[in-house]
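Participant: sequence? don't have it. structure:
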């Protein structure tokens, strides 16, 4: 294969530009137009023939628009005789749709994975899937990265002698345990029951948090209903301070302001896997860049090197 050609959709151009900066390659131009009947058309404006093509496009709101744009870009690259096409999808929104938990519903994550393969994708590079089993929905190689090392490096800059990592639910407890090992702290977890998309109940916290400096770790924060409920329970346990961390800072429906306005929260930390809405108006927010990690993964994929070494090196 010839050199890397990296395109981006409309979802997160800043991240794509940062990845290109670390790779020292130009961001290839593309054009998206909309017909009068509301259909999209994508034109890739750089040579793809026998190139190793990477398309950067996290699935963020408007999710359906960005998904169709991604599929059209993949089809265009395949039609232009790309040697290999890799989807760089830091956030896969449909990963939440990972099981049939009600009658007559689709498993959206599997369907979207099939669509990407049909459109021309040969492999996927993603980060912190909401459900680990979604990895197996793709009928192609998947490199599934995480941002625990970037988050840990940030928190290790402070005093962690009285800290504890808290998972908002038992499903995320394994990741929280890995994070706690990186920080050298104990771990606790909340027992959560989800009643609806925006309503959760936390009945108890398993582990010692009283008087501790708490670091809450979640994979993503959307409406923030789980985090707010957890914060209310932590107040009842007389914790000393709370910092909130996640990989995907979606912060929909004013969640960032709602969490940031609480006196018990001293800091909110996320990565730039998605564009963070209202980041400039949130003084407690710290956004960490995962562009170096994604760029290194892209380089290793292109050169046929091990991506798992990225984890082993820490």
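Facilitator: Happy to help now that I have it. Keep in mind the model is a prediction, meaning the values are calculated, not measured.

Participant: Strands of the protein, start to end?
Facilitator: Using DSSP state E, the strands of the chain run over residues 4-8, 30-34, 40-44, 52-56, 84-89, 123-127, 142-145, 163-167, 187-196, 199-206, 213-221, 241-249, 265-271, 285-288.

Participant: shouldn't residue 284 be in contact with residue 258?
Facilitator: No. At 11.8 Å, residue 284 and residue 258 do not qualify as touching, with contact defined as C-beta atoms under 8 Å. Quick note: C-beta positions are derived from backbone N, CA and C, even for glycine.

Participant: could the strands of the chain be laid out in JSON lines, adding mean neighbour count, mean pLDDT and distance to residue 106?
Facilitator: Shown next, in JSON lines, are the strands of the chain (neighbours: other C-beta atoms under 10 Å; pLDDT from 0 to 100; distance: least, C-beta to C-beta, whole Å):
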{"stretch": "strand 4-8", "mean neighbour count": "23", "mean pLDDT": "97", "distance to residue 106": "28"}
{"stretch": "strand 30-34", "mean neighbour count": "12", "mean pLDDT": "95", "distance to residue 106": "27"}
{"stretch": "strand 40-44", "mean neighbour count": "16", "mean pLDDT": "97", "distance to residue 106": "23"}
{"stretch": "strand 52-56", "mean neighbour count": "27", "mean pLDDT": "98", "distance to residue 106": "24"}
{"stretch": "strand 84-89", "mean neighbour count": "25", "mean pLDDT": "98", "distance to residue 106": "20"}
{"stretch": "strand 123-127", "mean neighbour count": "21", "mean pLDDT": "96", "distance to residue 106": "20"}
{"stretch": "strand 142-145", "mean neighbour count": "20", "mean pLDDT": "94", "distance to residue 106": "20"}
{"stretch": "strand 163-167", "mean neighbour count": "26", "mean pLDDT": "96", "distance to residue 106": "29"}
{"stretch": "strand 187-196", "mean neighbour count": "16", "mean pLDDT": "82", "distance to residue 106": "19"}
{"stretch": "strand 199-206", "mean neighbour count": "14", "mean pLDDT": "84", "distance to residue 106": "23"}
{"stretch": "strand 213-221", "mean neighbour count": "24", "mean pLDDT": "96", "distance to residue 106": "21"}
{"stretch": "strand 241-249", "mean neighbour count": "25", "mean pLDDT": "97", "distance to residue 106": "22"}
{"stretch": "strand 265-271", "mean neighbour count": "22", "mean pLDDT": "97", "distance to residue 106": "29"}
{"stretch": "strand 285-288", "mean neighbour count": "17", "mean pLDDT": "96", "distance to residue 106": "33"}
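
Participant: could I get those as CSV with distance to residue 69?
Facilitator: Putting those into CSV (distance: least, C-beta to C-beta, whole Å) gives the following:
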stretch, distance to residue 69
strand 4-8, 10
strand 30-34, 6
strand 40-44, 6
strand 52-56, 10
strand 84-89, 12
strand 123-127, 16
strand 142-145, 21
strand 163-167, 34
strand 187-196, 30
strand 199-206, 32
strand 213-221, 21
strand 241-249, 19
strand 265-271, 22
strand 285-288, 24
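
Participant: out of those strands, nearest to residue 15?
Facilitator: Among these, the nearest to residue 15 by C-beta to C-beta is strand 52-56 (6.5 Å).

Participant: Show the contacting residues for residue 297.
Facilitator: Contacts for residue 297 (C-beta atoms under 8 Å, 6 or more residues apart in numbering) come out as 125, 143, 145, 307, 310.

Participant: and residue 233, which of the strands of the chain is closest to it?
Facilitator: strand 199-206 (5.1 Å).

Participant: So in that sheet, which strands flank the closest one, and in what orientation?
Facilitator: Applying DSSP bridges to the sheet, strand 199-206 is found paired with strand 187-196 (antiparallel).
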